[in-house]
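*Asks:* have a look at this prediction, sequence included:
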Amino acid sequence: MAKFKSVFPLLLFVILLSACGDQYDGDFSYEIQDFTFTNQDEEDVSKNNLDGKFWIADFIFTNCTTVCPPMTANMATLQDQLNEAGLQDDVQLVSFSVDPDRDSPEALKEYVEARGGTFENWDLLTGYDFETIKEFSIKSFKSAVEQLPDSDQIMHGTSFFVVTPEGNAIKSYDGRDAGNMEKIVEDIQDMM
């Protein structure tokens, strides 16, 4: 009985700690670093602006000749599906440019408009240097960003990340696969 009395407070403490954890069922939990970057309308967007709502993040650049055009088209499809599900006010889309030297706010805006996207709930971010976004991507999303040698192309991840209202990335989906867009909407609906 004496052993039980000494173990009980420890067990209660562990149970209380587990109750304070992330309330969402995810595959991982990466805390997103604070940021303040410039969007397509030349407005500052910070992590604090996104607090309290789910957001979907990806990394793109407008000079990309491989994965970014389909990823951006898929994000526009996701935007449509979120709107159809009535989630446009609850879920923000955020695309970070990995080529900020070339991706001006105007260039990002034109790039997304050409692929069917709108800007009611989608921010395209730039206004930093390459090293800043490289470090941010690695620290916040565990996703590498590298300038390819002797090329104007940049290697970056192709994931769409679900970020919770508390600012933790908890799930990722292949952003090149159009079939994942419906799954993202369903998973967010299940978390709300």
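*Replies:* Everything's here; your move.
*Asks:* use CA for all of it now, contacts and neighbours both
*Replies:* Will do.
*Asks:* for this structure, give me the ranges with low pLDDT.
*Replies:* 1-22 (pLDDT under 70).
*Asks:* at 90 what do you get?
*Replies:* For the chain, the stretches with pLDDT under 90 are 1-25, 147-153, 192.
*Asks:* in it, which spans are helices?
*Replies:* 2-19, 47-50, 68-84, 105-113, 130-141, 180-191 (DSSP state H).
*Asks:* check what contacts the second one and list those residues.
*Replies:* Residues external to helix 47-50 that are found in contact with it (CA atoms under 8 Å, 6 or more residues apart in numbering): Q33, D34, F35, T36, Q92, P165, G167.
*Asks:* show me what counts as buried in it.
*Replies:* Across helix 47-50, burial judged by 16 or more other CA atoms under 10 Å covers L50.
*Asks:* go on, stretch 82-98?
*Replies:* Neighbour-count burial for stretch 82-98 [16+ other CA under 10 Å]: 82-83, 87-88, 90-98.
*Asks:* which of those residues lies closest to G117?
*Replies:* L93 (10.4 Å; CA to CA).
*Asks:* grab the nearest non-local neighbour of the closest one.
*Replies:* W122 (4.4 Å; CA to CA, 6 or more residues apart in numbering).
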